[in-house]
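# Take this sequence and fold it.
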Amino acid sequence: MATPEEFEAAAARSKELPTKPSNTVLLQLYSLYKQASEGDVSGERPGGGFDFKAIAKYDAWSSLKGTSPDDARQQYVDLVSSLFQQA
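Here you go, the predicted structure:
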């Protein structure tokens, strides 16, 4: 399991990626970070209007409901590491 320190280091490192990840990967990073740091998503899904970005972020985070913060932290660290290996 990744420690909180490893998680924070990966979060800082994710801002230094040599190439911008795809939107799909950015949503994975966002949702894993939120699940690891805050737990399950709360509140209502953004509705109405055309804020597709907010809806996508909510749905991505919601898809991790029930994932433990420890597991999300490890998945986040692994994803960031894999992005650097691909670069």
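
# When you work out contacts or count neighbours from here on, use the C-alpha atoms and nothing else.
OK.

# So which residues make contact with stretch 80-87?
By CA atoms under 8 Å, 6 or more residues apart in numbering, the surrounding residues in contact with stretch 80-87 are 10-11, 13-14, 17-19.

# Now do it: distance to the chain's middle.
15 Å (CA atoms, centre = their mean, to the nearest Å).

# Extract the CA atoms of that stretch and return them as CSV.
Taking Å, rounded to 0.1, in the frame of the first residue of the first chain, the C-alpha atoms of stretch 80-87 are listed here in CSV:
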residue,chain,number,x,y,z
VAL,A,80,1.4,8.3,-12.2
SER,A,81,4.3,5.9,-12.3
SER,A,82,3.0,4.3,-15.4
LEU,A,83,2.5,7.7,-17.1
PHE,A,84,6.2,8.5,-16.5
GLN,A,85,7.3,5.1,-17.8
GLN,A,86,5.3,5.7,-21.0
ALA,A,87,6.8,9.1,-21.6
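
# Mind checking the pLDDT average for stretch 73-80?
In this model, stretch 73-80 has a mean pLDDT of 98.

# excluding its backbone neighbours, what's nearest residue 69?
Using CA to CA, 6 or more residues apart in numbering and skipping the chain neighbours, the partner closest in space to residue 69 is residue 36 (4.1 Å).

# With residue 29 as the reference, measure out to the one you found.
10 Å (CA to CA, to the nearest Å).

# And for residue 5?
Taken as CA to CA, the span from residue 5 to residue 29 is 17 Å.

# and if you look at residue 58?
Counting by CA to CA, the gap from residue 58 to residue 29 is 13 Å.

# Looking only at neighbour counts, state which of those two leads.
Using other CA atoms under 10 Å as the criterion, residue 58 and residue 29 rank with residue 29 on top: 23 against 20.
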